[in-house]
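Asks: Got a predicted structure here, sequence first:
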Amino acid sequence: AGWRGSAGLGGGADPAAAGDWAEAVRVVRRARLVLDGIVGIGGAGGLRPAAAALVREVTGTVVAVDLPSGVDADTGAVAGEAVRAALTVTFGGLKPGLLVGPGAEDAGRVRLVDIGLDLPEPGLRVLDAADVAALVPVPGPGDDKYTRGVVGVAAGSATYPGAGVLCTGAAVRGGAGMVRYAGTAAEHVRSRWPEAVVTAGKPSEAGRVQAWVVGPGMGTDDAAAGLLRDVLAQDVPVLVDADGLTLLAAEPDLVRRRTAPTLLTPHDREFARIAGPVGADRVGAARRAAADLGVTVLLKGTATVVAEPGGRAYVNPTGTPWLATAGSGDVLSGLGGALLAGGLPAVEAGAVAAYLHGLAGTLAAHGASTTAAGVLAALPAALRAVSPRRTTRS
């Protein structure tokens with residue numbers, strides 16, 4: 001903006017000490033492009049009063065240098081006011097504060113510039129389309145429905161049959177070689193997905209699987225609790241969502257004592273039931289819960305976080321606010337289960353599922369509203385989009 005008062009403003013000095021306040025306001029108001037460098041990545045707290053007052057006068061496009069001032073570089077939290085940028089140009093590596101929390105919104109578009117730094121292996125990662133394409137299991141000439149992965153689904157009920165239908169459908173369209181359904185929405189699932197092998201009996205009696213999904217829409221009564229215990233007693237990877245998480249809050253040792261991989265997929269309120277409030281540090285909260293419970297945690301939100309007990313974590317870059325619709329989580333669960341059955345480790349299965357789910361939501365919404373069924377229908381398009389030449393699995 002052509003005015004040099006940033007140091008004084010960042011420190012909270014009297015505006016007069018930073019130069020002619022009236023001239024500063026005049027310059028900022030007239031500027032078409034404003035570069036934000038008020039404070040660096042080591043800053044703490046929101047903007048000081050003088051800086052906040054000047055930022056409120058900005059009418060042009062704001063480009064932040066490394067990080068919008070007022071945003072916590074480690075968590076994305078904003079304690080007070082912060083600069084809201086149209087573009088953030090950051091250097092060396094992505095800062096967590098650009099990816100999660102209010103900081104992700106304040107950053108606008110983010111461009112990473114490589115300046116040749118020799119950085120250690122990151123503990124926090126962001127997948128791109130090429131990463132996802134490399135991770136999604138693709139069948140070869142020698143594969144059959146069993147080697148591609150068999151996933152079991154224990155979801156839905158007489159009250160919420162749609163959860164079973166959506167979850168099963170996402171497993172079918174997410175690339176599983178076979179889907180076995182066990183639950184009380186059996187007739188609804190059978191009529192919608194004739195490919196699925198359906199039983200109304202116990203999951204442990206449904207036949208061999210490589211992974212289970214349990215929880216969506218199954219209720220929280222004693223019968224549902226028995227269903228959850230039956231699934232978690234099996235020595236295969238298990239994804240737990242929705243009602244399964246509510247039941248798990250009363251009996252967390254069900255997952256603590258498991259040796260097979262477990263993936264939990266809570267939203268913030270479900271997370272609070274099993275691990276306490278999320279707080280301002282979403283990545284830290286997911287990591288703490290993963291370490292405490294011995295599971296991988298997929299914390300759903302505007303920027304979904306996936307963390308494993310060892311501390312490795314992913315932040316998902318895809319999605320749209322239109323995904324906040326009933327049944328959307330059921331689709332994510334079925335997709336994650338298919339990826340687990342296909343052999344992906346829990347943290348990668350969660351990260352890839354979140355990426356494809358977010359992309360499918362964007363494709364389904366296309367700038368307007370969508371439904372969970374629309375997201376489910378868009379899953380094959382999302383798979384094709386990450387790698388147009390890949391063998392289609394759906």
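Replies: Perfect, I can see it now.
Asks: can we go C-alpha only for contacts and neighbour counts from here?
Replies: Fine.
Asks: who touches stretch 246-264?
Replies: Applying C-alpha atoms under 8 Å, 6 or more residues apart in numbering, the contact partners of stretch 246-264 are 220, 225, 229, 232-233, 235-241, 245, 270, 273-274, 293-298, 345-347, 350.
Asks: Make a ChimeraX selection of the buried ones in those residues.
Replies: Of the contacts of stretch 246-264, the buried ones can be selected in ChimeraX as follows, counting by 16 or more other C-alpha atoms under 10 Å:
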select :220,225,229,232,233,236,237,238,239,240,241,245,270,273,274,293,294,295,296,297,298,345,346,347,350
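Asks: Do you know the pLDDT at residue 79?
Replies: For residue 79, the pLDDT comes out at 93.
Asks: Please report how far the nearest residue to it once chain neighbours are set aside lies from residue 77.
Replies: Computed as C-alpha to C-alpha, 6 or more residues apart in numbering, the closest residue to residue 79 that is not its neighbour in sequence is residue 46, at 4.8 Å. Plainly put, residue 46 is 9 Å away from residue 77 if you go by C-alpha to C-alpha, to the nearest Å.
Asks: Off-centre distance for the helix or strand where residue 163 lies?
Replies: Taking DSSP states H and E as the definition, residue 163 sits inside helix 161-173. Relative to its chain's centre, helix 161-173 lies at 20 Å (C-alpha atoms, centre = their mean, to the nearest Å).
Asks: From the contact counts, what lies against it?
Replies: Helices and strands touching helix 161-173, as assessed by 3 or more C-alpha pairs under 8 Å, 6 or more residues apart in numbering; DSSP states H and E, comprise strand 150-154, strand 178-182, helix 186-192, helix 328-341, helix 372-386.
Asks: Would you format the ones you listed as TSV with distance to residue 28 and mean pLDDT included?
Replies: Output for the helices and strands packed on helix 161-173, formatted as TSV (distance: least, C-alpha to C-alpha, whole Å; pLDDT from 0 to 100):
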stretch	distance to residue 28	mean pLDDT
strand 150-154	58	98
strand 178-182	60	98
helix 186-192	60	97
helix 328-341	44	98
helix 372-386	42	97
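Asks: Of these, which is nearest residue 91?
Replies: Checking the helices and strands packed on helix 161-173 against residue 91 by C-alpha to C-alpha gives helix 372-386 as the closest, at 26.2 Å.
Asks: got CSV for the helices and strands packed on helix 161-173, with distance to residue 162 too?
Replies: Listed next are the helices and strands packed on helix 161-173 as CSV, based on distance: least, C-alpha to C-alpha, whole Å:
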stretch, distance to residue 162
strand 150-154, 13
strand 178-182, 13
helix 186-192, 8
helix 328-341, 9
helix 372-386, 10
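Asks: quick one: contacts of stretch 266-282?
Replies: Defining contact as C-alpha under 8 Å, 6+ apart, one finds that stretch 266-282 is touched by 75-77, 100-101, 241-242, 245-246, 248-249, 252, 285-286, 289, 297-301, 305.
Asks: out of these, which are buried?
Replies: 75-77, 100-101, 241-242, 245-246, 248-249, 285-286, 289, 297-301, 305.
Asks: Just the ones of those in helices?
Replies: Using DSSP state H, the members of those that fall in helices are 101, 245, 246, 248, 249, 285, 286, 289.
Asks: Grab the two from those residues that are most spread out in space.
Replies: Greatest spatial distance among these (C-alpha to C-alpha): 101 and 248, at 26.5 Å.
Asks: what's the spacing between residue 339 and residue 329?
Replies: Distance from residue 339 to residue 329, by C-alpha to C-alpha: 15 Å.
Asks: For those two, indicate the residue with more neighbours.
Replies: Shown here are residue 339 and residue 329; by other C-alpha atoms under 10 Å, residue 339 has more neighbours (30 against 24).
Asks: State the distance from residue 47 to residue 37.
Replies: From residue 47 to residue 37 the distance is 12 Å (C-alpha to C-alpha).
Asks: Would you mind identifying the next helix or strand past the helix or strand of the chain with the lowest mean pLDDT?
Replies: When the helices and strands of the chain are scored by mean pLDDT, DSSP states H and E, helix 6-10 comes last with a mean of 44. Remark: after helix 6-10, the chain's next helix or strand is helix 21-30, criterion DSSP H and E.
Asks: Can you list the strands that whichever helix or strand comes after that following helix pairs with?
Replies: Using DSSP H and E, the helix or strand that follows helix 21-30 towards the C-terminus is strand 33-36. Sheet partners assigned to strand 33-36 using DSSP bridges are listed as strand 61-65 (parallel).
Asks: Pull out the buried positions in the strand it pairs with.
Replies: 62, 63, 64, 65.
Asks: Cross-check the contact I'm expecting between the second one and residue 37.
Replies: Looking back up the chat, that one is residue 63. No. At 9.1 Å, residue 63 and residue 37 do not qualify as touching, with contact defined as C-alpha atoms under 8 Å.
Asks: Any stretches of the stretch 51-200 of the chain with poor pLDDT?
Replies: For the stretch 51-200 of the chain, no stretch has pLDDT under 70.
Asks: Kindly recompute the last result at 90.
Replies: 119, 121, 200 (pLDDT under 90).
Asks: do the stretch 251-394 of the chain as well
Replies: Residues of the stretch 251-394 of the chain that meet the criterion pLDDT under 90 lie in 310-311, 367, 387-394.
Asks: which neighbours do residue 46 and residue 77 share?
Replies: Common contacts of residue 46 and residue 77 (C-alpha under 8 Å, 6+ apart): residue 71.
Asks: Spatially nearest residue to residue 129, not counting backbone neighbours?
Replies: Nearest non-adjacent residue to residue 129 (C-alpha to C-alpha, 6+ apart): residue 386, at 4.8 Å.
Asks: my bad, should have said residue 104
Replies: What sits nearest to residue 104 in space, not counting adjacent residues and going by C-alpha to C-alpha, 6+ apart, is residue 98, at 4.7 Å.
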